[in-house]
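sharing a sequence plus its predicted fold:
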Amino acid sequence: MKNSELSKKVRDVRKRRGMSQELLAENSGLSLRTIQRIENGETEPRGNTLKRLSDALEVNPEEIMDWALRDDYNYLTVMNLSALSFLLFPLLGILIPLIMWISKKDRIKKINRVAKEILNFQITWNILFFSPFILVFFTMFTSININTGLSESSINLWFLNLMFFILLYLINFILILINSIKSFNHKEVRYFVRIRFIR
């Protein structure tokens, strides 16, 4: 992380708020020496220190951290595209973006928000993808007649599920491509169908 950039932003926000270093130290419960070291780029606020500092400055802790992070839209684009690994096996669409997120979590701007969008969508997609398998499996084995084989209703259900799977694959593929292009063009990534498992 670039301590000099972070220290400059902390100092700028403090001055915009009309606060002295002493007042910031008092409001945050940190020592004056700690505030001076942060603003001089000698140390980087983390954990409880970051929370106290952000509360005293009335900003979100992630905003403070984002100031020290670098832009890397290429990496965000590749992370979006990595979700295409679902084509090989559905769970890879979760695992590969997750690994990419963890490896660069504290180094790239917007990576947390983009990763949560991708992962929440892929987890939701996997739940939708795997749930019909249970129904199809159960229906096929309960509807087999020894003399006639599968009943017509079972075949229809199997066909409907096949169409559902194809539709799911198309939606996933299209959303990944759209969001990869958005990320490449420095626009906000948004996967609209998702349950927020990761907040």
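In hand now; what should we look at?

and the strands in this protein?
Taking DSSP state E as the criterion, the chain carries no strands.

how is it carved up into domains?
For the chain, the structural domains run 3-68, 73-184, going by automatic domain parsing.

measure the last one end to end?
Counting by C-alpha to C-alpha, to the nearest Å, the length from the leading to the trailing residue of domain 73-184 is 6 Å.

could you dump the domains of the chain into a markdown table with mean neighbour count, distance to R196 and mean pLDDT added?
Quick note: C-beta positions are derived from backbone N, CA and C, even for glycine. Putting the domains of the chain into a markdown table (neighbours: other C-beta atoms under 10 Å; distance: least, C-beta to C-beta, whole Å; pLDDT from 0 to 100) gives the following:
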| stretch | mean neighbour count | distance to R196 | mean pLDDT |
| --- | --- | --- | --- |
| domain 3-68 | 16 | 16 | 83 |
| domain 73-184 | 16 | 6 | 84 |
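
can you put these in a markdown table and add distance to R194?
Converted to a markdown table, the domains of the chain look like this (distance: least, C-beta to C-beta, whole Å):
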| stretch | distance to R194 |
| --- | --- |
| domain 3-68 | 20 |
| domain 73-184 | 4 |
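
and the gap between the closest residue to P61 other than its chain neighbours and N126?
Once flanking residues are discounted, P61 sits nearest to S54: 4.3 Å by C-beta to C-beta, 6 or more residues apart in numbering. Note on S54: its distance to N126, by C-beta to C-beta, to the nearest Å, is 35 Å.

over to F192?
17 Å.

ditto for I176
Distance from I176 to N126, by C-beta to C-beta: 14 Å.

before we move on, what about I111?
Counting by C-beta to C-beta, the separation of I111 from N126 is 22 Å.

need the contact list for L30.
By C-beta atoms under 8 Å, 6 or more residues apart in numbering, L30 lies in contact with L24, T49, R52, L53.

now for the residues you listed, which pair is the farthest apart?
Spatial extent of those (C-beta to C-beta) is set by the pair L24 and T49 at 12.2 Å.

okay, now F192: neighbour count?
Neighbour count for F192, taken as other C-beta atoms under 10 Å: 9.

I'd like the distance between A115 and T77.
Distance from A115 to T77, by C-beta to C-beta: 13 Å.

S183 too?
For S183, the distance to T77 - C-beta to C-beta - is 4 Å.

now for the nearest residue to L168 once chain neighbours are set aside: which residues touch it?
Leaving out its chain neighbours, the residue that sits closest to L168 by C-beta to C-beta, 6+ apart is F129, at 5.6 Å. Counting by C-beta under 8 Å, 6+ apart, F129 touches P90, F165, L168.
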